[in-house]
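Undergrad: Need coordinates for the below:
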Amino acid sequence: MAFWLLDRIEEYGERKAIICEGKDYSYHNLSNLVEAWRSRLGEATIGTGRVVALVGDFSAETCAAFLALIDGRNIVVPLTPSTYEKNPEFLDIAEVQFILRPDVSMDVEERPVKIANPLNKDFIKAGKSGLVLFSSGSTGASKAALHDLTLLLEKFRIRRQALRTMIFLMLDHIGGVNTFFHVIANGGTVVAISDRTPGNVCKVIQETGVELLPVSPTFLNLMLFSGEHRNYDLGSLKKITYGTEPMPQSTLDRMHSECPGVVLQQTYGLSELGILRSKSRNDDSLWVKVGGEDFETRVVDGVLWIKSRSAMLGYLNAPSPFDEEGWFNTKDVVEVDGDHIRILGRDSEIINVGGEKVFPTEVENHVLEVENIKDVIVFGEAHSLTGQMVVASVNLFEKELNRDVKKRIRMSLREKVAPFKIPQKVIVADDVHFNERFKRMRLRRT
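TA: As a prediction, the model looks like this:
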C-alpha cells in the first residue's frame, strides 16, 4: 500500500484497533474496511486531488474512509453532523466536491464545484493528501486551515507507547485527529464514543478498560460536580490529558485529589500548527513544558510564538498569519519559569479595568470555589468610568436570589484578588457556558 500508515495497520494484524458502541474491530478488520472504501471511492470516480467532506464521528467506518481518502491523496474536510448542518458555507469555503457520511451509508454525494482557490489549486498540483480544519470561531469568524498531511503525519512514524485511548475530542478537531493517528500508528486501541456526557464516559471507561482519557477542563469540571466518576470503576485509567482551554487551578486540585494514582498532563496545540509534545511540571501544576522535534517556541512581550515544520500552508479564507520567518503568534499570554510556561489566557479575552489587566481564568478559578457555584464564565462589559468592568455569569446547583449569589462571590473574592478583579456584575444563567465540544464559550460585551 502506498500510504505508510496502512502498512503499519496490516502489521498489527489481530490486535484490537477500535472499540465502538460495544463492537470490537481488529487491525485486520480495519484494513479490510479501508480496502472496501478504496473500492467505493474508485466507483464514485473520486480520484487523486479531490476535495471531500467527511461527515461523522470516530466510528470504524469513518476512520476507514478517512484513511482511504488519505491514501488516495485527496483533501479531507472532516465535519461533525451538527457543524455540517449549522455551517453549510464551510463546504463552499473548502470547495468541497464530494460528501461522505460513513456512519450512515457508503453513498457519495457529488457537488459541481470547480477548484478556484489558489492555495487549493497549488496543493492539488503537488499531488499530496491534505486536511482542512475550521477554527471554532468562538472569537470571530471560522477560518479554514489547509494542512499538508504528509508533514502533519510525519511525527507519527516514530514509534511510541500507545495506551487504550478514548477519543473524546471530535473528528474535526486537531486534538481528535492527533489522538487517532497517534494510537493507530503505534498499535493501540481507539475507544470511540458518540455520547460524551460524564456518566457515559465513565461507564465506557469501566466497560472497556480505557487507560488514557484526553478531555477539556470544562468536561473534567462537569464530571467532578456530577459525581459520576464515583459511580463507576475507573481503575484502568493511567493518564488524563487536558487541553483546548486554560485549566482552573481549583479543578486541577480536585482532580488530583479524586484521582491520586492517575497522571494529569496538560497538552497544547492549535489548528494552525498541530499538537506539540508537552510535559507538566507535576500532576497538580499548571506549569508545562511544550515543544518537540518539529517545533520552536519563544515568548515576545509575554505572548507565546511558535514555529512548526508541520504548520498549515495557510488559510483558505483569510490572509496568512505567519511572519516572514514562519513564526505564528498564538495570542496566548503566558508566564515563564525556566523551560516551563503557564498559560494565562488569550490576549483578546483580557479585561481592561481602568488600565489594569484582568485575566478571566484567574477570577473563574476563585468563583468556582464559592458555595453553590456549578460553573462560571467571566468576561468584560463596557463601563463609563473604567472602560470595562468584570462580569461573572454563573450556573447554580440550587436556585437562589441573584443578590445573595453576588454578595457571597464578592465576600469570598475580597481576600483572594485585587478589588478591580472582583465582579461588579453577577448574572445567574440557566444556559450552559460551553459548546458541544465541552469548550468554554467566553462572552464579551461592549
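Undergrad: any idea how far Met312 is from the closest residue to Asn231 other than its chain neighbours?
TA: Among residues not flanking Asn231 along the chain, Cys202 sits closest, at 6.7 Å (C-beta to C-beta, 6 or more residues apart in numbering). From N, CA and C alone the C-beta is placed, and that goes for glycine too. Distance from Cys202 to Met312, counting by C-beta to C-beta, to the nearest Å: 35 Å.
Undergrad: Pick out whichever of the two has more residues nearby.
TA: Taking neighbours as other C-beta atoms under 10 Å, Cys202 and Met312 compare with Met312 leading, 30 against 23.
Undergrad: The residue nearest to that one when sequence neighbours are not counted: how many residues sit nearby?
TA: Sequence neighbours aside, Ala145 is the residue nearest to Met312 in space, at 4.2 Å (criterion: C-beta to C-beta, 6+ apart). Here the number of neighbours of Ala145 (other C-beta under 10 Å) works out to 24.
Undergrad: Direction included, what does the helix or strand hosting Ala145 pair against?
TA: Element membership for Ala145 (DSSP states H and E) is strand 144-148. Applying DSSP bridges, strand 144-148 is found paired with strand 130-134 (antiparallel), strand 314-315 (antiparallel).
Undergrad: looking only at pLDDT, what's the mean for the last one?
TA: By that I understand strand 314-315. For strand 314-315, mean pLDDT rounds to 96.
Undergrad: so what secondary structure elements neighbour the following helix or strand past that strand?
TA: Scanning forward in sequence from strand 314-315 by DSSP H and E, the next helix or strand is strand 328-337. Applying 3 or more C-beta pairs under 8 Å, 6 or more residues apart in numbering; DSSP states H and E, one finds that strand 328-337 contacts strand 303-308, strand 340-346.
Undergrad: tell me, which of those is the model least confident about?
TA: Among the helices and strands packed on strand 328-337, strand 340-346 carries the lowest mean pLDDT (a mean of 91).
Undergrad: Surely the residue nearest to Met312 and Glu272 touch.
TA: Yes: if you go by C-beta atoms under 8 Å, Ala145 and Glu272 touch, sitting 5.2 Å apart.
Undergrad: Next, the contact list for the residue nearest to Ile70 when sequence neighbours are not counted, please.
TA: Spatial nearest neighbour of Ile70, chain neighbours left out: Ser129 (4.5 Å); criterion: C-beta to C-beta, 6+ apart. By C-beta atoms under 8 Å, 6 or more residues apart in numbering, Ser129 lies in contact with Phe3, Leu69, Ile70, Asp71, Gly72, Arg73, Asn74, Ile75, Val76, Leu149, Thr150.
Undergrad: So what's the gap between the host helix or strand of the residue nearest to Asn231 and the chain middle?
TA: Per DSSP H and E: Cys202 is located in helix 198-208. Centroid separation for helix 198-208 versus its chain: 20 Å, with C-alpha atoms, centre = their mean, to the nearest Å.
Undergrad: Tell me the buried residues in that helix?
TA: Pro198, Val201, Cys202, Lys203, Val204, Ile205, Gln206, Thr208 (16 or more other C-beta atoms under 10 Å).
Undergrad: other SSEs contacting the helix or strand following that helix?
TA: For helix 198-208, the succeeding helix or strand toward the C-terminus, using DSSP H and E, is strand 212-215. Helices and strands touching strand 212-215, by 3+ C-beta pairs under 8 Å, 6+ apart, are strand 165-167, helix 198-208, strand 239-242.
Undergrad: now what about strand 212-215, what contacts it?
TA: Strand 212-215 is touched from outside by 163-169, 175, 179, 201, 205, 237-243, 267, 438, with contacts defined as C-beta under 8 Å, 6+ apart.
Undergrad: Emit the ChimeraX select command for whichever of the residues you listed are buried.
TA: The ChimeraX selection below is limited to those of the contacts of strand 212-215 classed as buried (16+ other C-beta under 10 Å):
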select :163,164,165,166,167,168,169,175,179,201,205,237,240,241,242,243,267,438
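Undergrad: Would you mind extracting the C-alpha trace of the host helix or strand of Thr83 into PDB?
TA: According to DSSP H and E, Thr83 maps onto helix 81-86. Taking C-alpha atoms only, helix 81-86 is exported to PDB below (Å, rounded to 0.1, in the frame of the first residue of the first chain):
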ATOM      1  CA  PRO A  81     -23.000  16.300  11.700                       C
ATOM      2  CA  SER A  82     -24.000  19.400  13.700                       C
ATOM      3  CA  THR A  83     -21.200  21.500  12.200                       C
ATOM      4  CA  TYR A  84     -22.300  20.400   8.700                       C
ATOM      5  CA  GLU A  85     -25.900  21.500   9.400                       C
ATOM      6  CA  LYS A  86     -25.100  24.800  11.100                       C
END
